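*Asks:* Have a look; sequence and predicted model below, questions after that.
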Amino acid sequence: MKYALSLILGVVFTVAATAQTGNEKDLIILSPFEIDRVLGSFPAPGSVAEGEDLEILRKYQENRTKKDCQLAAQQESATLGSLFGHLLTRAEVEELSIDFLKQYGEAGGNAYLAKKLYGRPRPYDSHRDLKPCISKETSESYPSGHATVARVFARLLANKFPKRAAAFIKAGNQAALNRVIGGVHYPSDVLAGIKLGDHLADKMIRDNQRRNRRD
């Protein structure tokens, strides 16, 4: 995933700063133990589960259209606008992009930590017959950072705008699937990203509810 480098570095530096001041609870940073408890490992190379991953990837590669690839390419940046702009007004995108900046950093930062923990190669690096139709990535494959961010955003938007909740969840799921259609993630990567996103979103929503009660 092509995260904004400054954002990821910002999360790292903020973690370091809060650790010095005792305010680390203000950021959601999962331990390797918690990440592994939530996700578990990816399908082992040569396993039946990996074979199912590959079968789905090859089927999408065979049947995807130019439009499918264009839609996947439009979401390579994984911003609020690229993922959910069709469901939000321009004013909402501008306002919420600022409001969700911390949560975006937490989602992206924890997905980055998880990728480093598991170290799964991208599907096209392990299987030469797989040819992405969008930009290749240099980061690890498991879990999908796009799916993590999309799920966090979808959950936060659904919580903020309950009448549009189903549309936000559907759009987040499609954004995750687009990473498989584009050929840069295994299906198990995006399922793990959704699980990680749900875990983080639950924490974010609970933290926000506690702050509101204190206020």
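*Replies:* The structure has been received and is ready for your questions. All figures in this text were calculated on a predicted structure; none of them were measured in a lab. Numbering: from 1, shown residues only.

*Asks:* Quick one: residues contacting Glu50.
*Replies:* By C-beta atoms under 8 Å, 6 or more residues apart in numbering, the contact set of Glu50 is 43-44, 186. (C-beta placed from N, C-alpha, C; glycine too.)

*Asks:* Give the buried subset of those residues as a PyMOL selection command.
*Replies:* Listed next is the PyMOL selection for buried residues among these, using 16 or more other C-beta atoms under 10 Å:
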select buried, resi 43+186
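
*Asks:* Roughly how far does the nearest residue to Asp129 once chain neighbours are set aside sit from Asp198?
*Replies:* Leaving aside its chain neighbours, Asp129 sits nearest to Arg58 (7.5 Å; criterion: C-beta to C-beta, 6 or more residues apart in numbering). As for Arg58, its distance to Asp198 is 28 Å (criterion: C-beta to C-beta, to the nearest Å).

*Asks:* which stretches of this structure have low pLDDT?
*Replies:* 1-25, 215 (pLDDT under 70).

*Asks:* could you pull out the helices for it?
*Replies:* 5-21, 32-39, 48-63, 66-74, 80-84, 90-99, 101-118, 123-126, 145-160, 165-181, 187-214 (DSSP state H).

*Asks:* out of these, nearest to Cys133?
*Replies:* Cys133 lies closest, by C-beta to C-beta, to one member of the helices of the chain: helix 66-74, at 3.8 Å.

*Asks:* which strands and helices sit next to the closest one?
*Replies:* Contacts defined by 3 or more C-beta pairs under 8 Å, 6 or more residues apart in numbering; DSSP states H and E place helix 66-74 against helix 165-181.

*Asks:* Comparing the helices of the chain, which comes out most buried?
*Replies:* Mean neighbours per residue, mean count of other C-beta atoms under 10 Å, is largest over the helices of the chain for helix 145-160, with a mean of 26.

*Asks:* could I get that one in PDB with only the CA atoms?
*Replies:* The C-alpha coordinates for helix 145-160 follow below in PDB (Å, rounded to 0.1, in the frame of the first residue of the first chain):
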ATOM      1  CA  GLY A 145      -3.300  -2.000   4.400                       C
ATOM      2  CA  HIS A 146      -6.000  -0.800   2.000                       C
ATOM      3  CA  ALA A 147      -8.500  -3.200   3.500                       C
ATOM      4  CA  THR A 148      -7.600  -2.100   7.000                       C
ATOM      5  CA  VAL A 149      -8.000   1.600   6.300                       C
ATOM      6  CA  ALA A 150     -11.100   1.100   4.300                       C
ATOM      7  CA  ARG A 151     -12.700  -1.000   7.100                       C
ATOM      8  CA  VAL A 152     -11.800   1.600   9.700                       C
ATOM      9  CA  PHE A 153     -13.200   4.400   7.600                       C
ATOM     10  CA  ALA A 154     -16.300   2.500   6.800                       C
ATOM     11  CA  ARG A 155     -17.000   1.700  10.400                       C
ATOM     12  CA  LEU A 156     -16.300   5.300  11.600                       C
ATOM     13  CA  LEU A 157     -18.600   6.700   8.800                       C
ATOM     14  CA  ALA A 158     -21.300   4.100   9.600                       C
ATOM     15  CA  ASN A 159     -21.100   5.200  13.200                       C
ATOM     16  CA  LYS A 160     -21.300   8.900  12.400                       C
END
